[in-house]
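> kindly generate the corresponding structure for this input.
(one chain, ligands or ions: 1)
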Amino acid sequence: MASDPEGQQEQNGGHKSLLESDALYRVYIFTYLIVYPREPEPMKSLHELTAKHPWNVMATSTDEGQFLSMLLKLIKAKNAMEIGVYTGYSLLATALALPQDGKILAMDINRENYEQGLPIIQNAGVSHKIDFREGPALPVLDRMIEDGKYHGTFHFIFVDADKDNYLDYHKRIIELVKVGGVIGYDNTLWNGSVVAPPDAPLRKYVRFYRDFVLELNWDLAVDPRIEICQLPVGDGITLCRRIS
Ligand SMILES: C[S@@+](CC[C@H](N)C(=O)[O-])C[C@H]1O[C@@H](n2cnc3c(N)ncnc32)[C@H](O)[C@@H]1O
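Model prediction:
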């Protein structure tokens, strides 16, 4: 039980509201007042711009952006890939974290959303690192596999797109990431639905994709080519470090 140095509990007649007493509240306050204000300005602007967008729930959260940024710097990533750009929040986090001569291949079926965020990415001085390709990612990956010269060349790959294709992405990108490099699969907690009972009330799209996410989680857990670690950051991210 936490101490009550300001006698708040006494003033409230010995009653503490759930939020006052709950550890979660302290984490919440810490995150919003201390961690989030340290979000780099361009990323803040991109979140503000995206907030006006009808599908803004798709954007990567601030804590996950910070996590990606830290991870990329720790592994000294230089060559990255992203599948699922939307307005570019995780892309900007990545581009800012890469060195000046770093590169990121970014793919999305929708160029329009990417172009909405692009001026902010350009102002941040990192657009030269980005090679954006409009269209479905699978054919691009297939061409890279066929070509041969991209095998084992990526230090980091972030997958945040169509959940029903994650296993198809995995089959391909496991060849493209370096041994020792990292793949990050986003949304592997899928709104917490991966641990919900089968009859739990779930939104339609959550229910629709849940089995794909569950299947991915099982397959990653037993894949001998990778070491995995699932983190409850954002909607859950599973990191896969290629070991063979
Ligand atoms: C969750 S959003 C990505 C969010 C983004 N990472 C961010 O930080 O804002 C998913 C994106 O995947 C894209 N997408 C869906 N299917 C795709 C496919 N087959 N190939 C490439 N991108 C796809 C969608 O257009 C959408 O922009």
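
> so what's the spatially most central residue of the chain scoring on pLDDT?
Central residue check for the chain by CA atoms, centre = their mean: the C-alpha nearest the mean position is that of Asp186, 4.9 Å away. Among the per-residue scores, Asp186 shows a pLDDT of 98.

> now it: how far from Gly234?
Between Asp186 and Gly234 the distance, using CB to CB, to the nearest Å, works out to 7 Å. Using the backbone N, CA and C atoms, a C-beta is placed for each residue, glycine as well.

> find the residues that touch each one of these two.
Taking CB atoms under 8 Å, 6 or more residues apart in numbering as the contact criterion, the common neighbours of Asp186 and Gly234 are Thr60, Glu64.

> excluding chain neighbours, what is closest to Glu227?
Across the structure, with CB to CB, 6 or more residues apart in numbering as the measure, the residue nearest Glu227 apart from its sequence neighbours is Arg241 (4.6 Å).

> do the same with Asp164
Leaving out its chain neighbours, the residue that sits closest to Asp164 by CB to CB, 6+ apart is Phe212, at 4.7 Å.

> let me see the contact set for that neighbour.
With contacts taken as CB under 8 Å, 6+ apart, Phe212 has the following neighbours: Lys163, Asp164, Tyr166, Leu167.

> how does it look with 7 Å?
Lys163, Asp164, Tyr166 (CB atoms under 7 Å, 6 or more residues apart in numbering).

> then His151?
By CB under 7 Å, 6+ apart, the contact list for His151 reads Glu175, Leu176.

> quick one on the thing from earlier: please state the offset of the helix or strand where the residue nearest to Asp164 lies from the chain centre?
In the assignment (DSSP states H and E), Phe212 maps to helix 204-221. A distance of 16 Å separates the C-alpha centroid of helix 204-221 from that of its chain, computed with CA atoms, centre = their mean, to the nearest Å.

> average pLDDT across the helix or strand that comes right after it?
Next in sequence after helix 204-221, counting helices and strands by DSSP H and E, comes strand 226-231. Along strand 226-231, the predicted confidence averages to a pLDDT of 97.

> I'd like to know which elements the helix or strand just after strand 226-231 is packed against.
Using DSSP H and E, the next helix or strand after strand 226-231 towards the C-terminus is strand 237-242. For strand 237-242, the elements it packs on are strand 177-186, strand 226-231, judged by 3 or more CB pairs under 7 Å, 6 or more residues apart in numbering; DSSP states H and E.

> packed most tightly, which of the ones you listed would that be?
Neighbour counts (mean count of other CB atoms under 10 Å) averaged over each of those peak at strand 177-186, with a mean of 20.
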